[in-house]
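Visitor: from the sequence below, what's the structure:
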Amino acid sequence: MTDSAALTSQLHTMVPILGAMGVELIEAEPGRAACRLPAEPNVNHFGVSYAGSLFSAAEMLGGVISLTSFPLDGFVPIVKRVSIDFLRPASTAVVASVSLDDAEIERIRTEALDRGKAEFDLRSELVDEEGTVVAATTGTYQLRRF
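Guide: Numbering: from 1, shown residues only. Predicted coordinates:
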């Protein structure tokens with residue numbers, strides 16, 4: 001298992017806005033990644049989570065799961081597209097999570113090594129402290145030789 005605190009620190013260095021948002025990785029291991037987005041400082045003008053903060057928390061998990069699932073020298077994760085459905089307002093912290101099964105990890109790894117790139121899809125649910133799904137994303141990412 002990857003050290004979530006160390007990876008959180010690395011993430012804040014690589015993408016400083018995520019540090020300003022208070023994003024904390026709570027799970028980061030092969031096939032699984034999750035983060036916690038605190039309510040503050042991510043509150044908008046009418047007291048609920050800012051849409052951009054929710055989107056950012058879910059989107060960046062594609063990079064995290066790439067780092068933990070595909071530790072390949074010379075490869076970087078790239079987001080190709082992400083869509084989000086805002087389902088309910090969030091007034092508490094939220095947790096976003098994604099997962100890939102072992103077969104998909106192996107497919108992506110093999111394809112990336114053979115072709116220099118591989119695409120994969122992730123779905124994330126963002127759940128508030130009461131257990132309500134407040135948003136869901138669907139994204140296409142690419143692991144690419146750089």
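
Visitor: please state the offset of stretch 67-74 from the chain centre?
Guide: In terms of CA atoms, centre = their mean, to the nearest Å, the centre of stretch 67-74 is found 15 Å from the chain centre.

Visitor: need the residues that contact it.
Guide: 2, 7, 28-33, 77, 100, 105, 108-109, 112-113, 143, 145-146 (CB atoms under 8 Å, 6 or more residues apart in numbering). C-betas here are computed from N, CA, C, even on glycine.

Visitor: hmm, 7 Å instead?
Guide: With contact meaning CB atoms under 7 Å, 6 or more residues apart in numbering, stretch 67-74 is reached by 2, 28-31, 33, 100, 105, 108-109, 112, 143, 145-146.

Visitor: neighbours around E130, how many?
Guide: By other CB atoms under 10 Å, 10 other residues sit near E130.

Visitor: relative to R88, how far out is it?
Guide: 10 Å (CB to CB, to the nearest Å).

Visitor: do the same with T137
Guide: T137 is 15 Å from R88, where distance means CB to CB.

Visitor: good, wrapping up.
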